[in-house]
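Novice: no FASTA, just this:
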């Protein structure tokens with residue numbers, strides 16, 4: 001191990017690393033592109049592949065460009081900044097098609113990727129790890145690729161500029177506060193992350209400190225000072241996460257100053273969003289999903305539509321505005337509370353109702369009654385209990401919004417083979433430019449038995 005070798009890159013892995021071969025073994029090379037000849041350092045040998053570090057690009061692909069971020073070679077937040085934006089979208093579409101064929105056994109054609117309205121400055125949320133060094137200085141930034149070591153940053157090009165402008169001065173204030181920082185819970189505990197959330201259409205900001213404990217002297221006065229300095233900060237909250245886990249936010253959030261929610265507008269509806277409830281990080285691109293949902297629903301007389309994993313009612317409310325009676329299911333009780341409030345604010349309480357609990361347990365009695373089911377599950381996709389419920393009772397129309405091509409392909413394969421569905425449309429949308437992630441909307445219709 002540690003040898004320097006030269007290899008030719010033949011493709012990209014699912015997470016955007018270049019893939020080549022050395023002595024018959026696959027080599028994963030962060031920062032390399034197909035067609036390039038590169039020099040790499042062999043770092044770690046697994047059973048069937050090498051992990052490597054890129055040392056030099058010896059033959060450069062025409063697809064390569066200078067990354068827009070000066071930290072791109074080190075920060076693990078974005079893996080594709082060196083690839084042209086148009087080619088990022090093309091590769092992501094190919095990735096979805098390959099997953100459908102290899103994992104799902106499906107030949108459904110994948111439509112061209114809907115590119116994001118903006119390839120930089122699009123993220124409405126940041127959760128930034130913190131670290132205090134021995135000299136008292138504060139480091140804030142995302143992790144170096146494959147590690148938990150922070151790459152110190154003052155600027156992140158994929159963040160909305162209105163959030164990005166807050167990172168450096170807030171970092172200075174947190175450094176001056178003297179508060180303990182103990183991200184990995186190796187000592188007495190303390191601050192772990194700085195979280196910011198933005199209302200894309202309103203400009204309102206929520207600031208959240210994630211800490212293992214609440215003993216942060218002078219927090220209330222400092223929070224008020226932040227709100228005076230930056231009036232767009234409508235609330236400051238403290239989230240308590242005392243557990244040594246990769247789950248960034250804990251279950252308990254305290255209001256420190258202002259309010260615990262921000263206002264946002266989404267597809268014409270006014271929303272309340274809290275710091276610890278799910279909301280798509282690319283608002284402008286998420287709004288492009290609604291026309292595809294509405295198109296799929298055309299021809300059906302509006303009746304009952306179940307929105308599983310509904311969050312704060314992001315899509316429930318615009319669909320209810322179209323005349324559908326929507327019932328949302330969501331595990332997070334705070335999200336359900338906000339969904340009901342959002343329905344009331346928009347005058348849609350008669351058409352939109354919400355229920356808190358495990359989706360797998362809540363879903364079965366609704367399936368025989370609904371004409372359409374909208375699924376927006378977490379990255380792991382549908383669990384076995386949800387799939388079993390759909391095998392027992394399949395609504396005529398199923399709309400599936402996925403953030404992982406592999407689990408989408410797995411689930412679509414099962415839905416077509418076991419639940420009587422055919423896939424009529426697969427539409428990828430690039431919510432996350434500069435990264436390997438892709439969102440995909442699949443439209444499935446229940447196959448009618450032949451007469």
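Specialist: Received, thanks. What you see is a predicted model, and the numbers here were worked out from it, not measured in a lab.
Novice: how near is residue 314 to residue 226?
Specialist: Per C-beta to C-beta, to the nearest Å, residue 314 is found 28 Å from residue 226. Just so you know, the C-beta spots here come from the backbone N, C-alpha and C atoms, and that holds for glycine as well.
Novice: the two - which one has more neighbours?
Specialist: Using other C-beta atoms under 10 Å, the more surrounded residue of residue 314 and residue 226 is residue 314, with 29 against 20.
Novice: and residue 93, how many neighbours does it have?
Specialist: Neighbour number of residue 93 under other C-beta under 10 Å is 22.
Novice: so which helix or strand takes in it?
Specialist: Per DSSP states H and E, residue 93 falls inside helix 85-102.
Novice: contact partners of that helix?
Specialist: By C-beta atoms under 8 Å, 6 or more residues apart in numbering, the surrounding residues in contact with helix 85-102 are 12, 14, 63, 80, 83, 106-113, 115, 119, 405-406, 408-409, 412, 426, 428, 430, 433-434, 436, 438, 440.
Novice: now, these that are in helices?
Specialist: 405-406, 408-409, 412 (DSSP state H).
Novice: farthest-separated two in those?
Specialist: 406 and 412 (11.0 Å; C-beta to C-beta).
Novice: those two: who's more crowded?
Specialist: residue 412 (27 against 19).
Novice: got any ranges where the protein has weak pLDDT?
Specialist: Low-confidence segments of the chain (pLDDT under 70): 1, 449-451.
Novice: which strand runs longest in it?
Specialist: Longest strand in the chain by number of residues, with DSSP state E as the criterion: strand 49-59.
Novice: show me what that strand is packed up against.
Specialist: strand 25-29, strand 37-45 (3 or more C-beta pairs under 8 Å, 6 or more residues apart in numbering; DSSP states H and E).
Novice: which one of those strands lies nearest to residue 359?
Specialist: That would be strand 25-29 among the helices and strands packed on strand 49-59, by C-beta to C-beta, at 35.0 Å.
Novice: returning to what we had before: the helices and strands packed on strand 49-59: which one's closest to residue 375?
Specialist: So among these, strand 25-29 is nearest, using C-beta to C-beta, at 32.0 Å.
Novice: show residues contacting stretch 172-179.
Specialist: Taking C-beta under 8 Å, 6+ apart as the rule, stretch 172-179 contacts 130, 132, 136-138, 140, 181, 190-191, 194, 216-218, 222, 226.
Novice: redo that, cut-off 7 Å
Specialist: The contact list for stretch 172-179 (C-beta atoms under 7 Å, 6 or more residues apart in numbering) reads 130, 137-138, 190-191, 194, 216, 222.
Novice: residues in contact with the residue lying closest to residue 68 once chain neighbours are set aside?
Specialist: Residue nearest to residue 68 in three dimensions, not counting chain neighbours: residue 157, with 5.0 Å by C-beta to C-beta, 6 or more residues apart in numbering. The contact partners of residue 157, taken as C-beta under 7 Å, 6+ apart, are 68-69, 120-121.
Novice: relative to residue 323, how far out is residue 398?
Specialist: 20 Å.
Novice: higher neighbour count, those two?
Specialist: Using other C-beta under 10 Å as the criterion, residue 398 and residue 323 rank with residue 398 on top: 22 against 11.
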